[in-house]
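[1] return atomic coordinates for the entry below.
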Amino acid sequence: MQQEEKECGQIPEWLLREEDYTPVTERDSFLEKTMRAILSVLARMKAEKEYIGKSKTAPALRIAGAVFVIVLLSLSKNLAFAGLVFVLLIVRLAFCSGRQIKSVIKGALGAVLISALILAPAAILGHPHTFVYITLKVFLSVTLLGILSNTLPWNQITSGLKWFHLPDIFIFTLDLTMHYIMQLGEICCQMLFALRTRTIGKSPKKAGALTGILGVTFLKSKELSQETYDAMVCRGFDGTYPLRNRKTFPAANIGYGTGLMVIAVLFFYLEHVSAG
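    All right, here's what the predicted structure looks like:
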């Protein structure tokens with residue numbers, strides 16, 4: 001009996017044995033790239049949400065102006081008009097922040113690269129003018145859209161679309177898509193960070209971990225959609241977006257509209273000169 005009590009009071013030998021465990025190192029390039037991609041998108045969306053220095057021009061007028069200038073660019077046959085738009089965009093970019101300029105130029109260069117690859121046979125076969133002119137048009141159009149998306153908050157874009165009498169279901173879908181991309185992106189980033197923290201050594205089941213994250217994200221999106229529906233029912237939302245009738249017409253709108261008229265006059269003048 002005393003022998004058993006003595007053995008019970010002693011520490012087992014397997015607890016005193018030293019263990020030399022060295023986990024196999026593994027590069028988490030997949031997790032790091034995925035987290036960087038998600039965080040970059042979320043950072044851009046948060047920066048747009050915290051936008052400061054909003055323009056006094058009506059969002060609908062700015063959207064219509066961008067579409068109007070792009071249509072004129074597509075119809076123009078004179079390189080001078082493209083040069084005029086290029087100068088105006090450079091001046092507008094000078095008033096943007098560094099982050100906005102980087103985002104705009106990055107998107108425009110990507111579009112130019114794709115268009116250049118598609119139009120490379122035209123330049124090789126003896127039509128360099130077509131190659132340069134179409135590539136320049138693509139660059140200017142994408143730059144103009146990039147400036148609009150980086151300087152106009154998303155909620156103002158959707159409110160501006162309402163002025164063009166787009167279906168409410170279309171605007172509603174865009175609103176919810178942008179909202180839940182941000183929320184679900186944060187959930188995915190948190191789960192990836194948790195997976196990276198809890199992984200020791202080499203994980204042979206990366207595919208299973210990825211499918212698990214996608215499954216949890218799907219379930220979370222289903223739960224959020226149900227909560228959104230219940231909240232809308234409680235608040236009496238019937239799917240219509242009311243349009244505010246503003247009686248005031250600020251001077252910024254008058255100036256913006258006058259600028260568009262000047263661009264249109266210069267377009268017709270330059271086209272007449274080139275045709276003559």
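
[2] how about the helices of this protein, start to end?
    When secondary structure is read from DSSP state H, the chain shows helices at 2-9, 13-16, 29-49, 59-75, 79-93, 98-124, 128-151, 154-162, 168-198, 206-235, 251-275.

[3] quick check, pLDDT for the nearest residue to residue 250 once chain neighbours are set aside.
    Nearest-residue entry for residue 250: residue 56, 5.4 Å, with adjacent residues in sequence omitted and distances by CB to CB, 6 or more residues apart in numbering. C-beta coordinates here come from the backbone N, C-alpha and C atoms, glycine included. pLDDT for residue 56: 74.

[4] ok so, going back, with distance to residue 241, mean pLDDT and mean neighbour count added, can I get the helices of the chain in JSON lines?
    What follows is the helices of the chain, written out as JSON lines (distance: least, CB to CB, whole Å; pLDDT from 0 to 100; neighbours: other CB atoms under 10 Å):
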{"stretch": "helix 2-9", "distance to residue 241": "75", "mean pLDDT": "53", "mean neighbour count": "8"}
{"stretch": "helix 13-16", "distance to residue 241": "68", "mean pLDDT": "75", "mean neighbour count": "7"}
{"stretch": "helix 29-49", "distance to residue 241": "19", "mean pLDDT": "64", "mean neighbour count": "14"}
{"stretch": "helix 59-75", "distance to residue 241": "13", "mean pLDDT": "89", "mean neighbour count": "17"}
{"stretch": "helix 79-93", "distance to residue 241": "29", "mean pLDDT": "89", "mean neighbour count": "15"}
{"stretch": "helix 98-124", "distance to residue 241": "27", "mean pLDDT": "84", "mean neighbour count": "14"}
{"stretch": "helix 128-151", "distance to residue 241": "20", "mean pLDDT": "87", "mean neighbour count": "18"}
{"stretch": "helix 154-162", "distance to residue 241": "5", "mean pLDDT": "77", "mean neighbour count": "18"}
{"stretch": "helix 168-198", "distance to residue 241": "5", "mean pLDDT": "78", "mean neighbour count": "14"}
{"stretch": "helix 206-235", "distance to residue 241": "13", "mean pLDDT": "80", "mean neighbour count": "12"}
{"stretch": "helix 251-275", "distance to residue 241": "21", "mean pLDDT": "84", "mean neighbour count": "13"}
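
[5] distance to residue 242 for those - can I get that in a markdown table?
    Conversion of those to a markdown table gives the following (distance: least, CB to CB, whole Å):
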| stretch | distance to residue 242 |
| --- | --- |
| helix 2-9 | 78 |
| helix 13-16 | 71 |
| helix 29-49 | 22 |
| helix 59-75 | 15 |
| helix 79-93 | 32 |
| helix 98-124 | 31 |
| helix 128-151 | 24 |
| helix 154-162 | 9 |
| helix 168-198 | 10 |
| helix 206-235 | 13 |
| helix 251-275 | 21 |
